[in-house]
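Engineer: Compute the structure for the input listed below.
(one chain, ligands or ions: 1)
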Amino acid sequence: MVKEENLMEKIVSLCKRRGFVFPGSEIYGGLSGFFDYGHYGLALKENVKRLWWKQFVLDREDMFGMDAAILMRQEVWQASGHAEGFSDPLVECEKCKHRFRADQLDSSRLNLKDPKKVQPLPARLQPDKVILAGNDSSRSGGCPDCGGKLSEARQFNMMFKTHVGAEESDTAVSYLRPETAQGMFANFKNTVDSLHPKLPFGLAQIGKAFRNEIAPRDFLFRTREFEQMEIEYFVRPPKVASRTHVDGTQTNAEQEEWERHFEEFRSETVKFFESVGLPKEDVHELEVPDGERAHYSKRTIDFEFDFPFGRKELSGLAYRTDFDLSAHQKNSGVPFEYLDEELKTKFIPHVIEPSFGVDRLLLAVLSSAYTEDEMNGEKRTFLKLSPKIAPVKVAVFPLLKNKPELVKKAREVYDSLRSTLHATGYTIAWDDNGNIGKRYRRQDEIGSPFCITVDFDSLEKDDVTVRDRDTGKQERVQISELQGYLKKHGNF
Ligand code: ATP
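Structural biologist: Just a heads-up that it's a prediction; the model follows:
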């Protein structure tokens with residue numbers, strides 16, 4: 001798919017114009033890296049989250065949901081390594097105020113009292129998190145953009161810090177969580193003790209995460225407040241899972257166990273992206289090589305998407321081993337061992353983690369759905385959203401809003417559809433604002449797959465016109481057959 005140059009601007013503009021997403025704190029000039037979801041953006045987001053929850057939690061027997069608090073004791077982030085390592089070495093130009101990652105600059109540019117302060121980045125931090133300095137080694141000394149003096153390098157931790165309670169002491173320090181994952185690790189024992197699940201099983205959570213990104217950019221792609229959908233899937237560790245057969249041969253079942261589940265989540269991820277309507281050819285898998293993975297990961301696949309600004313990470317799938325559970329056991333003194341009744345042994349389970357960013361996924365969905373074409377000699381813009389996630393499934397119009405008999409009939413259609421569609425979580429809209437052409441344009445931009453119009457013929461024939469968003473074609477359908485028609489054509 002050829003991505004247009006100004007596609008991002010068009011998406012951002014449509015999102016604001018049609019009540020999907022607004023810039024955060026806009027009336028005071030905006031707050032970089034924060035966005036507010038309006039009525040339709042929220043509906044789209046909820047639909048995507050619902051699909052995810054259905055596929056990964058409700059449709060399975062081995063998955064349990066949870067919703068952890070955003071603030072946790074600082075010990076959680078010490079054990080996980082975030083307090084120490086979730087940081088970038090940052091330098092700032094005193095003149096143009098541009099910021100750079102110090103370890104990407106030629107050391108001759110840096111104003112270092114202690115060169116040891118520029119430490120290599122943890123693997124989990126990707127290079128595009130910051131404004132990179134480029135490869136300009138011809139100019140030494142100072143900022144690559146304007147030659148200004150660079151500040152001394154400092155480690156910049158991306159966690160938002162706060163204090164719990166009235167005292168601002170060190171012991172009251174807490175952080176807005178930078179990932180939802182730790183809430184699930186911290187509750188592993190509670191889950192085992194209360195639900196008694198058998199391995200393998202998973203904990204799933206959808207919730208907000210916060211990262212004080214140095215350079216938030218590309219609309220919903222890199223923000224400072226975002227939502228994640230994460231699973232921690234617990235499996236038997238390698239050594240425990242391997243078995244010796246009666247004939248003395250060994251099966252390396254340990255590998256099979258985590259690899260089997262890794263492969264399963266890999267294909268489930270592909271299936272999920274298909275179900276929200278991402279074109280297959282725009283989703284790619286990147287096997288993250290040795291040396292570039294996070295310190296806790298033995299295998300990682302990044303699912304990448306062809307965004308309008310290039311191919312970038314959309315979601316991740318990692319084999320986290322027992323890194324987190326062991327770290328929490330060590331740091332808290334609470335035993336995290338699982339008693340495997342079948343194998344009659346205790347161990348700390350290993351973990352497979354599929355991790356999705358909701359907002360980033362919405363941007364992928366919006367950028368692949370955004371379409372411009374010509375209809376009846378006029379240019380039009382529409383969102384070709386899958387009916388499964390479209391914020392409005394069906395819009396109902398009376399042809400004229402000042403004809404009571406049309407309004408009455410349209411209301412009857414609307415009310416009867418509403419009760420069934422809303423029961424299944426789908427939204428139906430009433431629209432009588434402006435002429436029909438305007439209403440079609442509005443619903444096209446919202447991505448509503450069907451528009452139903454009640455006209456004068458409807459009063460006599462008990463039928464309506466149903467217009468298809470993608471083709472613009474209109475069909476007359478008996479009111480009594482509407483439900484079946486929408487089910488068949490809308491796939492919902
Ligand atoms: P990136 O390298 O793009 O910063 P990451 O590898 O740090 O991402 P993870 O820690 O693996 O990201 O987080 C899992 C998912 O959360 C990502 O795949 C992405 O979808 C989402 N995510 C991470 N950071 C952000 C952000 N700043 N804004 C929006 N979504 C994010």
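Engineer: quick one: residue 93 and residue 109 touch, right?
Structural biologist: No: contact status for residue 93 versus residue 109: not in contact, 10.0 Å apart, counting by C-beta atoms under 8 Å. Quick note: C-beta positions are derived from backbone N, CA and C, even for glycine.
Engineer: neighbour-wise, which of these two wins?
Structural biologist: residue 109 (22 against 19; other C-beta atoms under 10 Å).
Engineer: so the more buried one makes contact with residue 145?
Structural biologist: No: if you go by C-beta under 8 Å, residue 109 and residue 145 don't touch, sitting 11.2 Å apart.
Engineer: Show me the helices in the stretch 151-300 of the chain, by range?
Structural biologist: With helices called from DSSP state H, counting those that start in this stretch, the stretch 151-300 of the chain shows them at 181-186, 188-195, 238-241, 253-275.
Engineer: Also the stretch 351-492 of the chain?
Structural biologist: Under DSSP H, counting those that start in this stretch, the stretch 351-492 of the chain gives helices at 358-369, 404-423, 436-446, 456-461, 482-490.
Engineer: mind checking which of the ones you listed is nearest residue 58?
Structural biologist: helix 404-423 (16.4 Å; C-beta to C-beta).
Engineer: Which of the residues in the closest one are classified as buried?
Structural biologist: Along helix 404-423, these residues count as buried under the neighbour rule (16 or more other C-beta atoms under 10 Å): 406, 407, 409, 410, 413, 414, 417, 418, 421.
Engineer: what's the answer for stretch 360-374, then?
Structural biologist: Within stretch 360-374, the residues scored as buried using 16+ other C-beta under 10 Å are 360, 361, 362, 363, 364, 365, 366, 367, 368, 369, 370.
Engineer: likewise stretch 452-464?
Structural biologist: 452, 453, 454, 455, 458, 463, 464.
Engineer: Now flag whichever of those is closest to the ligand.
Structural biologist: residue 452 (36.5 Å; C-beta to the nearest ligand atom).
Engineer: Could you pull up the residues touching the closest one?
Structural biologist: 394, 395, 396, 397, 413, 417, 464, 465, 466, 467, 482 (C-beta atoms under 8 Å, 6 or more residues apart in numbering).
Engineer: Residue 380 bridge partners, please.
Structural biologist: residue 373 (DSSP bridges).
Engineer: can you list the residues of the stretch 351-492 of the chain near the ligand?
Structural biologist: Applying C-beta under 6 Å from any ligand atom, one finds that the stretch 351-492 of the chain approaches the ligand through 355, 356, 357, 359, 360.
Engineer: If we use 5 Å, what do you get?
Structural biologist: Counting by C-beta under 5 Å from any ligand atom, the residues of the stretch 351-492 of the chain close to the ligand are 355, 357, 360.
Engineer: Make JSON lines out of these and add pLDDT.
Structural biologist: JSON lines is the format used below for those (pLDDT from 0 to 100):
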{"residue": "355", "pLDDT": "98"}
{"residue": "357", "pLDDT": "98"}
{"residue": "360", "pLDDT": "98"}
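Engineer: Looking at the residues you listed, which one is closest to the ligand?
Structural biologist: Nearest to the ligand out of these is residue 357 (C-beta to the nearest ligand atom; 2.3 Å).
Engineer: residues in contact with the closest one?
Structural biologist: Counted by C-beta under 8 Å, 6+ apart, residue 357 has contacts 226, 227, 228, 229, 314, 315.
Engineer: Over to residue 336?
Structural biologist: 188, 189, 325, 326, 328, 329, 348.
Engineer: Name the member of the residues you listed with the most neighbours.
Structural biologist: residue 325 (24 neighbours).
Engineer: which residues are in contact with the helix or strand hosting it?
Structural biologist: Here residue 325 is covered by helix 323-332, with elements defined by DSSP states H and E. Outside helix 323-332, the residues that touch it by C-beta under 8 Å, 6+ apart are 75-76, 78-81, 181-182, 185-186, 188, 295-296, 334-337, 348-349, 351.
Engineer: Of the residues you listed, grab the buried ones for PyMOL.
Structural biologist: Per 16+ other C-beta under 10 Å, the buried members of the contacts of helix 323-332 correspond to this PyMOL selection:
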select buried, resi 76+79+80+81+181+182+185+186+188+296+336+348+349+351
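Engineer: Cross the contacts of helix 323-332 against strands and list the overlap.
Structural biologist: Judged by DSSP state E, those include residue 351 as members of strands.
Engineer: Let me know the distance separating residue 348 from the ligand.
Structural biologist: Per C-beta to the nearest ligand atom, to the nearest Å, residue 348 is found 22 Å from the ligand.
Engineer: With distance to residue 34 as added columns, please give the residues of the stretch 351-492 of the chain next to the ligand in a markdown table.
Structural biologist: Below are those laid out as a markdown table (distance: C-beta to C-beta, whole Å):
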| residue | distance to residue 34 |
| --- | --- |
| 355 | 21 |
| 357 | 15 |
| 360 | 15 |
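Engineer: that older thread, save the helices of the stretch 351-492 of the chain as CSV, and put in distance to residue 40 too.
Structural biologist: Shown next, in CSV, are these (distance: least, C-beta to C-beta, whole Å):
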stretch, distance to residue 40
helix 358-369, 11
helix 404-423, 16
helix 436-446, 6
helix 456-461, 27
helix 482-490, 18
